[in-house]
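Undergrad: My questions are about this predicted structure, shown below with the sequence.
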Amino acid sequence: MLGRGRGLLQSLKEKKEEKSDATPPVPGSPSMQRPKVAAQVTETAKQQSPQVTRKPISMGRGIMIGKPQTSAQTTEKNIEPIKESVQFESASVEQKQPVPVAKEEPRQVKPSEVKPSLTIPKGRGLMVTKLIKPVSRPGEDITLKPPVQLPVPTRPESAELHQEVEKITSKLTSVEVVDEILVKPVEKKSESGSMDRTSGSTGTRYLSIATVSSKPAEELRVEEMQRGSPVRKIGAIGKPEKFSTNYVRLKCKNKGVYQYVVHYDPPCDSQFNRIKILYQLDNLIGRVRLFDGFTLFLPILLPERVIQESVERNGIQYKVRIQLTKILPPENVPPVIFNIIFKNIMKELKMTRIGQHYFSPSRQVDVAKQGLQVWPGYTTAIHDFEDGLYLVIDVAHKVLRTQTCWQIMQDLRSKYSESIDQFKQEVFNALCGTVVLTKYNNRTYKIDDILWEDSPKTEFKYHTGQSISYVDYYKKHYDIEIRDKNQPLLFHRPKSKDKKQGTKVEVVCLVPELCYVTGLTEAMRSDFNLQKDMAAFTRLSPDKRYEQLENLVDEIKRNDVAYQHLLNWGLELDSSLNLIDSRVLPPENIIFKNKSIETDGRCDWTRAACNEPCLSTVNINDWICVYPQNKQSVVANFFRIATDCGARFGVRLDSPIVVPLANDKADTYYNELKKILKQNIQMVVVVFPMLSEARYQRVKRLCCIESPVPSQCIQFKTINKPDEKLRSIAQKIVLQMNVKLGGEIWRTFMPMKRVMICGIDVYHKTEKRYNSIAGFVSSLNEDQTRWYSRVCFQMVGQELADSLKMAFAQAIKKYREVNDFLPDKIFIFRDGVSDGQIPIVSEHEVEQLKSVFTDDYKPQLSVIIVQKRISTRIFAQDSRSGRIVNPAPGTIIDYNITSRYLYDFFLVSQHVGQGTVTPTHYIVACDDTLLKPDYMQRLAYKMTHMYYNWTGTIRVPAPCQYAHKLAFLTGQYLQEEASESLCNRLFYL
């Protein structure tokens, strides 16, 4: 989590550079070839394009820094419990009168004057800036309104803190301006339409020195900034239960953290040297500090506001000026600072950092049969949540191959010895895009290219200006003897965020025999035996995971040196994992044609789905079956059982048009299908002897684009089973065929009427330079059983869909065609959004979607972000055995560990038999529907029951999973949008 603090440190640095009279030095870089002074770098950048310098792994350990984002306005919330209402059928909420506000003519602001606001996502540190503008309520015109005067909770004054500040300021003659800081959360409206604000929450004050530099010390004043109240949307429906999480509370004991800026005269360009120079003043600043080369954080207050000392290094006498800029009370210390501090604790525990996580090489496990190694470790992060500071820990594993890149090259050389060009192409395909680990420094790099013209004998310029070969470099610095002096080099280009400012563009060249490939290939992932062997080490049961997390907490507290790092900064760690009271939502009913059943504790209705008639069915009269001629007996037996199963569901299958093939080539499948496909064909069933991407792609492009018709592809090994197992497989295939033709299998009770529910997800295909695909799926009826699908093509690597407006407009138009009316409420579940992209979704995508509405048609819109890849874990305790187990489906957590500034909740919707369940994080980015939290949570839970490809609940709402399947099929195989005639069917299941 270290990278999340870079934006804050850089923002503090840039702010001081703008306001300070002295010109601060340009940050250096640990590259092999550094510019001497900042002026030279600037002048060189103006005259010529950046040069590329190849270099081996950098020895620098500086903190990466970046610009901050703008902040957001505070919101309060209502913690009043909401009782379950039988009026949920209308989803109406009793309207309350809004709080009267002094009327004032809104000032019309030019677009150039309006600066975008930015919400603060959980997991990205505390992002702070000046409060730019108040935010209008969702759905209103974009006009600025006068801010409402908020009541400030009273709290006893801290006389001790004031005396300390007065003691400092009495010595000052002038200080720089310190911007006022106010945190702004995402807006959320209550049932009455007014902003929710919590009156009983604990207020936190921000203490800063805010005077103009020309003012004398007598005019200094200390401002207290009120911390925003947490956004709290709590439901009440469900069975109360106790749960444990992988969060550990952190208590702050210190009075605050003191922030200083450090200047050097003459300017020192090297970040490494700046750090070494300052650390010579240990007797003054102490050994407990955090310094990135410019900004210094200390847990103690220095005797003077401005301290100047002379320090000599490398024969140069430097004047070091240390100046106090801010006093941060513990409640307002950005959590990212604590994350940086925690890095030192993991080092004391003998943990090695790889990427953003920590692993223990001494506890590595060899999977000898598969040629793999598994390094156990932990992920750690400290964040400010609704209930305060918490340390989030989880168990992690790093998978390494025992083969080096050089050994992979040798294997490919022996395989493609006849063609050098083919050999080079295969090496490129095997290594480029993979992440490798160099064990001599435990760092990871992504391979971007192969430098065939270079070798370890190639020389580069060292930072001293001398030329040195890679062979000599590794021998000198790591005592490593490179055996193959003629092997090519691996090329890595750092990301733009990793490039230090003020330096030339740098690249990294690696020696293949020193690089170990991490992760698994697609072939390894599809290997059942390999996955089974790996699961024994990586798929931990809830009780084992819980035990390992508690062991880490105990190890930190037992290690005196490690725990002293916390004590030095005034932190105290709880002895156990966080315990929380929460709820389990009531089970949902699954409605078939003739019967409604209540889901069990496993949320599995397979038996009912295989025995009850479907809601609606489509008889399959004209359909084609294509299969290899030598598999005819197995295929005939499968269709005999499938016909019998279809009769039980109400699906009648007539005899198909059979097309036996002489061979299994992709061209043969394509040509025979193209000959026989006609307009009256309902379905095409294709049996493949084995999985082949080429065959599958040719068939899918033919059936989805050239001659659009629903298609069902089956592997031969799937249907080559005994009759007992084959019947279960045939039942699911027939149900899937019925859905692809427009049939409906089951539904849940949906109280709200005139509602459209949508799902959005994005699939990336960056390794082959294809466009990313955004899938957009929307419901066509009030029962949410029929769906309309569109795709939007994006630039390579882009996550947020810029072209959703057209797809959204087409979905609303299609909804009206089917129902003869427009939806009153629209819910959009947006998948695939990281913490840093939440503000962009809240502002960019929501505005784009709302622009579809007109003055005559303005439905209520809610946009809910769905996050699957999170580190939160929830544990329950078996009431009988006392063992730690997974929580039951329907578990909701909507306070305590939720975001302080976002309307969010965690939901466990699926049953997990192996391993530990991971909840899904829902963030309400926009809510015009004014639904109670209970109803929003139950809507999300209901939609996890509506995925027709699985007779149980899934981890995300069904429209999100449908959008994922659509985007995957289009991006992986079609590379263009399917025919519009298929858009009102789930042809991609």
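TA: Structure received. Numbers count the residues shown, from 1 in each chain.
Undergrad: got any ranges where this structure has weak pLDDT?
TA: 1-228, 331, 335, 496-505, 679, 765-771, 795-802 (pLDDT under 70).
Undergrad: Now the residue nearest to the spatial centre of the chain. Its backbone dihedrals?
TA: Here the mean C-alpha position of the chain is nearest to the C-alpha of residue 834 (CA atoms, centre = their mean), at a distance of 3.4 Å. Reported as degrees, to the nearest 10, the phi and psi values for residue 834 are phi -80, psi 170.
Undergrad: From residue 543, how far off is it?
TA: 31 Å (CB to CB, to the nearest Å). In this view, the C-beta of every residue, glycine as well, is placed from N, C-alpha and C.
Undergrad: Map the structural domains onto the sequence of the protein.
TA: Under the TED database, the residue ranges defining each domain of the chain are 253-330, 343-399+529-581, 404-517, 617-741, 749-982.
Undergrad: Assumed residue 651 was part of a helix.
TA: No. Counting by DSSP: H, G, I helix; E, B strand; the rest coil, residue 651 is not found in a helix; it is coil.
Undergrad: Enumerate every residue touching it.
TA: 614, 617-620, 734, 737-738, 743 (CB atoms under 8 Å, 6 or more residues apart in numbering).
Undergrad: Pick out the most distant pair among the residues you listed.
TA: The most widely separated members of the contacts of residue 651, counting by CB to CB, are 614 and 620 (13.1 Å).
Undergrad: picking up where we left off before, now the contacts of residue 651: which count as buried?
TA: Neighbour counting by 16 or more other CB atoms under 10 Å classes 614, 617-618, 620, 734, 737-738, 743 among the contacts of residue 651 as buried.
Undergrad: Mind checking the domains of the chain for the one nearest to residue 242?
TA: domain 343-399+529-581 (5.7 Å).
Undergrad: what distance separates the start and the end of that closest one?
TA: Taking CA to CA, to the nearest Å, the span from the opening residue of domain 343-399+529-581 to its closing residue is 31 Å.
Undergrad: go on, stretch 436-450?
TA: 13 Å.
Undergrad: rewinding a little: nearest to residue 751 among the buried ones among the contacts of residue 651?
TA: Using CB to CB, these come closest to residue 751 at residue 614, 22.8 Å.
Undergrad: on that earlier part again, out of the buried ones among the contacts of residue 651, which are inside helices?
TA: 734, 737-738 (DSSP state H).
Undergrad: with those in mind, which one is nearest to residue 329?
TA: residue 738 (62.7 Å).
Undergrad: can I assume the closest one is in contact with residue 613?
TA: No. Between residue 738 and residue 613 there is no contact under CB atoms under 8 Å: 11.0 Å.
Undergrad: Which neighbours do these two have in common?
TA: residue 649.
Undergrad: Check the burial of residue 889 by counting its neighbours.
TA: Neighbours of residue 889 under the rule other CB atoms under 10 Å: 27.
Undergrad: So for stretch 674-689, first residue to last residue, what's the gap.
TA: For stretch 674-689, the separation between the terminal residues is 20 Å (CA to CA).
Undergrad: how about it: buried residues?
TA: 677, 681-689.
Undergrad: quick one: strands adjacent to the longest strand along the chain?
TA: In the chain, ranked by residue count with DSSP state E as the criterion, the top strand is strand 388-404. When pairs are called by DSSP bridges, strand 388-404 turns out to pair with strand 247-252 (antiparallel), strand 372-385 (antiparallel), strand 515-518 (antiparallel).
Undergrad: Helix or strand next in line after that strand, which one?
TA: Downstream of strand 388-404, the first helix or strand assigned by DSSP states H and E is helix 405-415.
Undergrad: returning to what we had before: ok now the longest strand of the chain, how far from the chain's centre?
TA: Relative to the centre of its chain, strand 388-404 is centred 16 Å away, using CA atoms, centre = their mean, to the nearest Å.
Undergrad: hey, C-alpha coordinates of that strand in PDB?
TA: Output of strand 388-404 as PDB, limited to C-alpha atoms (Å, rounded to 0.1, in the frame of the first residue of the first chain):
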ATOM      1  CA  GLY A 388     -11.800   5.000  12.900                       C
ATOM      2  CA  LEU A 389      -8.400   3.800  11.900                       C
ATOM      3  CA  TYR A 390      -8.000   0.000  11.100                       C
ATOM      4  CA  LEU A 391      -5.200  -2.200  10.000                       C
ATOM      5  CA  VAL A 392      -6.500  -4.500   7.200                       C
ATOM      6  CA  ILE A 393      -4.600  -7.700   6.900                       C
ATOM      7  CA  ASP A 394      -5.100 -10.800   4.700                       C
ATOM      8  CA  VAL A 395      -3.200 -13.900   3.700                       C
ATOM      9  CA  ALA A 396      -1.600 -13.800   0.300                       C
ATOM     10  CA  HIS A 397       0.500 -16.200  -1.800                       C
ATOM     11  CA  LYS A 398       3.100 -15.600  -4.500                       C
ATOM     12  CA  VAL A 399       3.400 -18.300  -7.200                       C
ATOM     13  CA  LEU A 400       6.800 -18.600  -8.900                       C
ATOM     14  CA  ARG A 401       8.000 -21.000 -11.500                       C
ATOM     15  CA  THR A 402      11.300 -22.700 -10.800                       C
ATOM     16  CA  GLN A 403      12.200 -22.100 -14.500                       C
ATOM     17  CA  THR A 404      14.100 -19.000 -15.400                       C
END
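Undergrad: got the buried residues for it?
TA: Those would be 388-401, 404, for strand 388-404 by 16+ other CB under 10 Å.
Undergrad: Over to stretch 548-568?
TA: 549-550, 552-553, 556, 562-563, 565-566, 568.
Undergrad: Residue 275: what secondary structure?
TA: Applying three-state DSSP: residue 275 is helix.
Undergrad: ah, wrong one, I meant residue 950
TA: Per three-state DSSP, residue 950 ends up coil.
Undergrad: ok, residue 299 to residue 730 distance?
TA: From residue 299 to residue 730 the distance is 68 Å (CB to CB).
Undergrad: These two - which one has more neighbours?
TA: Higher neighbour count among residue 299 and residue 730: residue 730, with 24 against 19, using other CB under 10 Å.
Undergrad: can you give me the offset of the strand or helix carrying that one from its chain's centre?
TA: Here residue 730, judged by DSSP H and E, is contained in helix 723-740. Put simply, helix 723-740 sits 35 Å off its chain's centre (CA atoms, centre = their mean).
Undergrad: Follow the chain on from that helix and name the next helix or strand.
TA: Immediately after helix 723-740, counting by DSSP H and E, sits strand 755-763.
Undergrad: what packs against that next one?
TA: strand 772-779, helix 804-819, strand 825-831, helix 958-969 (3 or more CB pairs under 8 Å, 6 or more residues apart in numbering; DSSP states H and E).
Undergrad: do that again at 6 Å, thanks
TA: strand 772-779, strand 825-831, helix 958-969 (3 or more CB pairs under 6 Å, 6 or more residues apart in numbering; DSSP states H and E).
Undergrad: Tell me which of these sits most buried.
TA: Burial of these is given as mean neighbour count (mean count of other CB atoms under 10 Å); strand 772-779 ranks first at a mean of 27.
Undergrad: re the thing from before, now distance to residue 411 too, for the helices and strands packed on strand 755-763, in TSV please.
TA: Output for these, formatted as TSV (distance: least, CB to CB, whole Å):
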stretch	distance to residue 411
strand 772-779	33
strand 825-831	39
helix 958-969	31
